[in-house]
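Colleague: Just the structure for this:
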Amino acid sequence: MVVSPSDEQAVKSAAGGNVECVAMVQLYESNNAGGWDPCNTTGYAAVVGVSGSYIIKIIDTSAGNSCDFAQEIYTGMVYDDNCSFFHHFEVDDTVVGLNFGDESEASSFGSTVKRHIPSADGGYDDGGYDDGGYEEGGYEEEGYGEEGYDEEGYDEGG
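Modeller: A predicted model of the protein is given here:
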């Protein structure tokens, strides 16, 4: 689903800052089984500039323009957009994912987030995701192969 001009305007009015990008998303949270659980949060994700920093907000226009999620784009943030319609990043004590309704909006949103990730030297990183040796079909680096994990979790013995 592509964001309509009227919905984009509603998000801009509700976001409380300079909105640079808007996309329809559903929020997910990682689980201990290596999968994703829906968070019952669906709305418009926006990259919002507020007082010199940037925040990812999810605004629900169907519920009175409430802000259902907010995460500052922080120094050293790794924003993984390797999947064209599902992006994820770390927040506090977990990892959250954004499932996008439109791949072109996802691409634009990911680029906007990456452009605003502050680097340690005060500039901005590109937010690039280091895939740690990802090859088609799975991770081949030590610690990511079958030897690195057992049925009960990570096996340090590798």
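Colleague: State the number of residues packed around residue 30.
Modeller: Around residue 30 there are 15 other residues, counting by other C-beta atoms under 10 Å. Yep, even glycine has a C-beta here, placed from its N, CA and C like the rest.
Colleague: no no, residue 20
Modeller: Other residues lying near residue 20 total 17 when counted by other C-beta under 10 Å.
Colleague: Likewise for residue 120?
Modeller: Residue 120: 8 neighbours (other C-beta under 10 Å).
Colleague: for it, helix, strand, or coil?
Modeller: Residue 120 falls in the coil class when you classify it by DSSP: H, G, I helix; E, B strand; the rest coil.
Colleague: Look up how far residue 51 lies from the spatially closest residue to it that is not a sequence neighbour.
Modeller: Take residue 120 and drop its neighbours on the chain: the residue closest to it by C-beta to C-beta, 6 or more residues apart in numbering is residue 75, 5.9 Å away. Distance of residue 75 to residue 51, computed by C-beta to C-beta, to the nearest Å: 16 Å.
Colleague: Residue 17 now?
Modeller: Remark: distance between residue 17 and residue 51 (C-beta to C-beta) = 8 Å.
Colleague: So for the two, which residue has more residues nearby?
Modeller: Between residue 17 and residue 51, counting by other C-beta under 10 Å, residue 17 is the more crowded of the two (16 against 6).
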